[in-house]
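Asks: Fold the following and give me the result.
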Amino acid sequence: MKTLMVTYLPRGERSYTKKLADAFLEGIKNQPIESLDLLKDIPGFFMETSLEAYIQRNYMGQKLDAVHQKAIATMDRMTAQFKGADIVVLATPMHNFSLPGCVKTYFDSILLKSETWDIQDGKFIGLMTGKKALILLASGGIYEGPMASWEHAVSLARVEFQLMGFSDIRAVTASGMNAGKRQPEEIVAEAQEKVRAITREWYK
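Replies: Numbering: from 1, shown residues only. This is a model prediction of the structure:
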């Protein structure tokens, strides 16, 4: 069983999300894991040439020239890495009510038609069935009740994984880190225990 952990943790050791990721790593102990740090390995953006390459190859079935192959090479590499995992763990904070731009760009990079999803009879089908995803996320606010409509981070990540056909999608959040209602340490500790419970279930 192969695990891929994708992280975007710009606050480093001060990151509350990192504390959830650390709990996951502690929970799986000596299980093999591959890591992708989006701070160091920047995903490819859809610019003019890369978008042309994607449409020509994945929608029109055309062979790419060297220029277009190079333009989409980073996307292809990250997609191959992503497809090779049985479990994908995404650790990211919330930025302005949604996923940070770099994380959204990563999803754009690996959500490639005929690679992780496709269309049959006018319907979307996921090509990543049987796989599991875990979203780890910390946020300064609490997006429940009247504030639920402001939450577009976990909900967006879920939709992305659902499109690709993941069979088991979980999320553990540490919410309200700046709300002042509870101590951050208490919130993180509760979230960490939820993470450990998932590792005990998935890595029996």
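Asks: give the contact list for the spatially most central residue of the chain.
Replies: Geometric centre of the chain, nearest residue: L90, 4.0 Å, by Cα atoms, centre = their mean. Residues in contact with L90, defined by Cβ atoms under 8 Å, 6 or more residues apart in numbering, are 6-7, 103, 133-136, 157. Every C-beta, even on glycine, is put in place using the N, C-alpha and C of the backbone.
Asks: again, only using 10 Å
Replies: If you count contacts by Cβ atoms under 10 Å, 6 or more residues apart in numbering, L90 has them with 4-8, 17, 21, 36, 38, 99, 103, 106-107, 133-137, 154, 157, 160-161, 171.
Asks: for G61, same thing?
Replies: S114.
Asks: Against D121, how distant is the residue sitting furthest away from the middle of the chain?
Replies: Centroid-distance maximum for the chain: D65 at 30.5 Å, with Cα atoms, centre = their mean. Separation of D65 from D121 (Cβ to Cβ, to the nearest Å) stands at 32 Å.
Asks: ditto for T92
Replies: Taking Cβ to Cβ as the measure, T92 falls 34 Å from D121.
Asks: Which ones among the contacts of L90 map onto strands?
Replies: Members of the contacts of L90 lying in strands (criterion: DSSP state E): 4-7, 36, 133-137, 171.
Asks: Highest neighbour count among the residues you listed?
Replies: The most neighbours of any of these, using other Cβ atoms under 10 Å, belong to L136, which has 31 neighbours.
Asks: if I pick that one, what's in contact with it?
Replies: Counting by Cβ under 10 Å, 6+ apart, L136 makes contact with 5, 7, 16-24, 89-93, 154, 170-174, 191-192, 194-195, 198.
Asks: cutoff 8 Å now
Replies: 17, 20-21, 24, 89-92, 171-173, 195.
Asks: just E115 next, same as before
Replies: By Cβ under 8 Å, 6+ apart, E115 lies in contact with 58, 79, 83, 127.
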